[in-house]
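Q: Could you work out the structure for the sequence below:
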Amino acid sequence: MTDIYFLEELSVEGPAFSRLIKILASILMFALFFWGYLAAQTITSTDVSWSALGVIGISLVLCSIFYYWILHSRTSVRQGVIEQTWIWHKRVLIKDLTQAKFIYIPFLSWLISPRLVVRSGMRVDVFHAASPEVLQAFAKLSLGPALRESKKSQP
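A: Model (predicted):
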């Protein structure tokens, strides 16, 4: 897959997660805060260790960070690079790819976010996408050599 240059001129960008996944994440965060509030009332009336409070605090911080990035993450394919903003910025050159698998479940894409799993050397990266344009680019990328071979064989 190192000779996939037909995506070099492609430039698409969109959200990494669909609106429904963002709504589900918001509902889960609301439920987490609600049950956390109820638990906090119980905790204040009992003797709780500092380590338990630390675990609760760290869990709240981590859930909040992941929630923020579910809402704001973006995926792009442009100028021969696949990128996704996330807690850590993911970036892979298309020319360095050795394998690409597009995971998309048509009737469950509202629940299971479509993704592209790519391998470049020993590294494996996962890029989520919700935008139809980015999903088309992922499909073209995963079909790479097979797509070119079928075009060559047609008269």
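
Q: Nearest to the spatial middle of the chain, which residue is it?
A: Centroid check for the chain by C-alpha atoms, centre = their mean gives His128 as the closest residue, at 3.1 Å.

Q: What residues does that residue make contact with?
A: Listed by C-beta atoms under 8 Å, 6 or more residues apart in numbering, the contact partners of His128 are Ala16, Phe17, Ser73, Thr75, Gln84, Ser113, Pro114, Arg115. Placement of C-beta: from N, CA and C, glycine included.

Q: For this protein, which segments are assigned as strands?
A: Remark: strands of the chain, listed N- to C-terminal, are 11-15, 74-78, 81-84, 90-93, 99-103, 115-120, 123-128; assignment by DSSP state E.

Q: need these in TSV with mean pLDDT and distance to Leu24, can you?
A: Conversion of the strands of the chain to TSV gives the following (pLDDT from 0 to 100; distance: least, C-beta to C-beta, whole Å):
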stretch	mean pLDDT	distance to Leu24
strand 11-15	94	14
strand 74-78	95	19
strand 81-84	95	20
strand 90-93	94	23
strand 99-103	93	19
strand 115-120	94	17
strand 123-128	95	14
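
Q: Out of the ones you listed, which is closest to Val55?
A: Closest approach to Val55 among the strands of the chain is made by strand 123-128 (27.5 Å; C-beta to C-beta).

Q: Show me the strands paired with that closest one, marking each as parallel or antiparallel.
A: Each strand that pairs with strand 123-128, with its direction, by DSSP bridges: strand 115-120 (antiparallel).
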